[in-house]
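J.: Would you be able to build a 3D model of this:
(one chain, ligands or ions: 1)
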Amino acid sequence: MDNFLFVLGRNFRLSLAELDNILKNSQFKGRIIDYSANIAVVEFISLHNDKYYINKLMELQFLLGGCQKIAKIYDFINIRDIHNAFPLKIDKYKLVEKARKKILHILGKVLEQIFPKLKSQSIFFAVSIYPNLFEDEYYSRVLVKHFLPFLNKEIMNILKEKEVKKSLYYEYPEENIKSGNLNPIFPHHLIKYGLFNEDRAEIIFGFTEEGVYIARTFTADDPNFKKKIDEERPFKEFKSSISPKLALMMFNFLNLFQERETKKILDPFVGNGTILLFALLQDFQIYGADFDQAKINNTIRNIIWLLEEIEEPIPPRSLLEERIQNIDIGDLSKHFQPNFFDGVVTEPSLGPFYKNKPYYIQAKDIIDTELEPLYVLIFREIYKVLKPKGRICITAPIIETIDGGDIQLNVNKIAINNKFQPINMIDSKRIINKSNIKLQFQKQDLKNLIDAKKDQILKRKIYVYEKQD
Ligand SMILES: C[S@@+](CC[C@H](N)C(=O)[O-])C[C@H]1O[C@@H](n2cnc3c(N)ncnc32)[C@H](O)[C@@H]1O
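T.: As a prediction, the model looks like this:
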């Protein structure tokens with residue numbers, strides 16, 4: 001089996017949409033053939049035949065905002081066999097024993113592939129389990145308490161049989177195993193424990209409704225690097241900042257995968273420049289605007305800081321000031337030439353930052369008097385400066401109210417009125433059906449997806465549009 005397992009980000013629908021779009025439209029052609037709330041299984045058309053496919057996986061990992069790790073799949077065990085070996089309640093010991101033997105046989109074969117040299121070697125491994133859904137009872141009661149200890153013990157036994165010199169495994173805290181609440185190995189631990197070395201590995205057991213995929217991790221996201229940029233840049237404001245991961249995902253919906261260094265990207269609401277900083281790292285030519293001169297200065301300062309950090313040459317200040325300008329959105333087209341930009345990624349003002357839920361009429365008033373006129377200007381102006389068929393990926397708020405549920409702006413109507421075509425974020429023809437409703441994509445998800453943490457009053461909705469002729 002030459003398929004790969006992608007560990008998804010916190011918002012799995014958004015992560016799947018991003019991944020599917022890349023597999024459909026970039027040079028990394030392929031398909032998601034199975035998924036859960038934590039993993040996607042990907043079959044590439046040709047990537048796996050490349051001699052240096054691990055380098056390609058690293059490139060892909062760097063592009064993706066919603067992917068924590070990429071692992072190569074070595075085997076698969078049907079869910080029925082897993083349930084026979086590890087039932088919620090054991091009645092028939094004979095059946096359990098027989099089913100476990102079958103798993104042991106598969107484990108033996110997988111270990112020989114993960115560690116081609118075993119005899120006289122010192123081996124270290126870490127088992128990570130990604131369930132279908134973390135809230136599944138089967139995860140806390142069976143996978144954490146029985147399947148994980150079984151794997152650790154039996155992998156140690158198999159390694160001993162294969163005459164390794166020494167073997168060790170990553171031990172999760174006992175209290176987490178007891179409570180059934182475990183975090184799989186964090187991406188930054190993979191580097192810390194040297195799990196990409198030949199004699200060390202993270203072995204992932206990734207569950208879907210179909211069964212469990214057994215894989216070895218080859219690449220991981222570098223969250224510390226993103227965190228450093230986000231937290232250590234000279235100017236930051238967490239309340240109003242978009243997350244680095246979301247910014248990366250938004251670039252990928254523009255479908256600009258080839259020759260990024262020639263593509264001009266605009267953020268007309270730069271704030272402290274989060275979007276531009278990550279666009280710079282993705283090699284885009286960056287342009288920005290904001291009606292607040294202090295924000296322009298902050299963004300320029302942050303860009304210089306980032307270039308110093310990554311040891312890249314600093315362009316003359318005049319060039320930066322030409323590219324990042326103090327402009328009110330209503331005047332944007334007076335400052336940039338028509339059809340100039342290849343893509344726009346932006347988060348306009350989200351309205352007030354609510355500590356408590358507002359009343360419906362308060363939120364409605366903000367939407368009607370502030371946000372709607374602002375978004376009308378955005379689409380009118382962006383239409384002029386964007387290339388034909390160019391895309392805009394934009395966020396808009398959903399506000400949860402005390403007395404009227406969620407309220408939001410009709411972004412589609414405004415975009416369509418300004419000759420933009422809504423682009424579905426996920427292609428319904430390419431998604432596999434799942435029986436659990438928690439894993440399904442609803443009709444509205446296809447058009448746009450939400451990025452929000454639990455109990456957040458103000459949620460972000462993400463939209464993609466293409467400029468029509
Ligand atoms: C939500 S913040 C953007 C934050 C940015 N994405 C970040 O992560 O740092 C919105 C920015 O839009 C700017 N802004 C609001 N209304 C504007 C307008 N009419 N024209 C230009 N900029 C505007 C504000 O000054 C603010 O910096």
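J.: dump the residue contacts of residue 409.
T.: 367, 371-372, 375, 396-397 (CB atoms under 8 Å, 6 or more residues apart in numbering). Backbone N, C-alpha and C define where each C-beta goes, glycine included.
J.: For the host helix or strand of residue 81, list every residue counted as buried.
T.: Using DSSP states H and E, residue 81 sits in helix 79-85. For helix 79-85, the neighbour count (16 or more other CB atoms under 10 Å) marks 81-82, 84-85 as buried.
J.: what residues does the chain put near the ligand?
T.: 240-242, 269, 271-275, 290-292, 295, 328-329, 347-350 (CB under 6 Å from any ligand atom).
J.: Can you select the buried ones among those residues for me in ChimeraX?
T.: Typed into ChimeraX, the line below selects the buried ones among the residues of the chain next to the ligand, using 16+ other CB under 10 Å:
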select :241,242,269,271,272,273,274,275,290,295,329,347,348,350
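J.: Let me see the contact set for the closest residue to the ligand within the stretch 251-400 of the chain.
T.: Checking the stretch 251-400 of the chain residue by residue against the ligand with CB to the nearest ligand atom singles out residue 271 as nearest, at 2.7 Å. The neighbours of residue 271, taking CB under 8 Å, 6+ apart as the test, are 237, 240-241, 290, 295, 298-299, 347.
J.: and residue 106, what does it touch?
T.: 75, 77, 214.
J.: so it is in which element?
T.: Per DSSP H and E: helix 93-114 holds residue 106.
J.: Using PDB, write out every CA atom in that helix.
T.: Only the C-alpha atoms of helix 93-114 are listed here, as PDB (Å, rounded to 0.1, in the frame of the first residue of the first chain):
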ATOM      1  CA  TYR A  93     -12.000 -15.000  25.300                       C
ATOM      2  CA  LYS A  94     -11.200 -17.500  22.500                       C
ATOM      3  CA  LEU A  95     -12.400 -15.100  19.800                       C
ATOM      4  CA  VAL A  96     -10.400 -12.200  21.300                       C
ATOM      5  CA  GLU A  97      -7.300 -14.300  21.500                       C
ATOM      6  CA  LYS A  98      -7.600 -15.400  17.900                       C
ATOM      7  CA  ALA A  99      -8.300 -11.900  16.700                       C
ATOM      8  CA  ARG A 100      -5.300 -10.500  18.600                       C
ATOM      9  CA  LYS A 101      -3.000 -13.100  17.000                       C
ATOM     10  CA  LYS A 102      -4.100 -11.700  13.600                       C
ATOM     11  CA  ILE A 103      -3.100  -8.200  14.700                       C
ATOM     12  CA  LEU A 104       0.200  -9.400  16.000                       C
ATOM     13  CA  HIS A 105       1.000 -11.000  12.700                       C
ATOM     14  CA  ILE A 106       0.400  -7.700  10.900                       C
ATOM     15  CA  LEU A 107       2.400  -5.800  13.500                       C
ATOM     16  CA  GLY A 108       5.400  -8.100  12.900                       C
ATOM     17  CA  LYS A 109       5.300  -7.400   9.100                       C
ATOM     18  CA  VAL A 110       4.900  -3.600   9.700                       C
ATOM     19  CA  LEU A 111       7.800  -3.400  12.100                       C
ATOM     20  CA  GLU A 112      10.100  -5.000   9.500                       C
ATOM     21  CA  GLN A 113       9.200  -2.300   7.000                       C
ATOM     22  CA  ILE A 114       9.500   0.600   9.500                       C
END
